[in-house]
Each structure stands twice: as structure tokens, then as C-alpha cells.
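# sequence? don't have it. structure:
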């Protein structure tokens, strides 16, 4: 993937306010869909769709614990994204 494609992928994933808020929440601690939807005041279905997109680009990981799936920030991808964005705005 070219550098331009990588930047476009990042900005596309972050183009929705709810996704940015989810990433901010997951920086604090892992959460399940219901906790995310309650905090953002959106439906669990909407939260799940945003999480699917964030998982697809690798910024969020999922871990099933019993009946629940806990989502957390992929720290290595987050650091990589920070570097790419920082370089973009130089």
C-alpha cells in the first residue's frame, strides 16, 4: 500500500465523529458494544458497525470473553497512525 493510500485509509476511518469517539474511549480501557453504545448514545447496531470498520482497518481488536466481545485499541497500529498523521502535517 502506498503512503497516500495509507493516509487516505486513516482519514476515511476517522471521518465519522462516532469512530473518533470510540477510539478516544478505547484509549482509556477496553469496552463491549453495549458500553460503547450507552456512552455515545447510539444503538448497539450502530456501535457494532463502527467497530467493524475500525477492526477492518486494524485500529481496534476484539476479544471474546464469555457472551461478550471486548474491544480494545491496537496500540501498535495507533502509534503507526500517529506517526503517519504527524508526518502528513509537517
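Everything's here; your move. Every value quoted in this text rests on a predicted model; they were computed, and no experiment measured them.
# could you show me where the strands are in this protein, in order?
Under the criterion DSSP state E, strands of the chain are mapped to 31-32, 60-65, 68-73.
# who does the helix or strand bottoming out on mean pLDDT in the chain touch, helix- and strand-wise?
Least confident helix or strand, the chain: helix 3-13 with a mean of 88, by mean pLDDT, DSSP states H and E. When contacts are defined as 3 or more Cβ pairs under 8 Å, 6 or more residues apart in numbering; DSSP states H and E, helix 3-13 sits against helix 75-88. Every C-beta, even on glycine, is put in place using the N, C-alpha and C of the backbone.
# Taking helix 3-13 as reference, get the angle to the helix it packs on.
When axes from the mean of the first three to the mean of the last three Cα atoms, to 10 degrees is applied, the directions of helix 75-88 and helix 3-13 differ by 110 degrees.
# what does helix 75-88 rub up against?
3, 6, 7, 10, 23, 27, 57, 58, 59 (Cβ atoms under 8 Å, 6 or more residues apart in numbering).
# hang on, the fifth one packs against residue 54?
Yes - contact status for residue 23 versus residue 54: in contact at 7.1 Å, counting by Cβ atoms under 8 Å.
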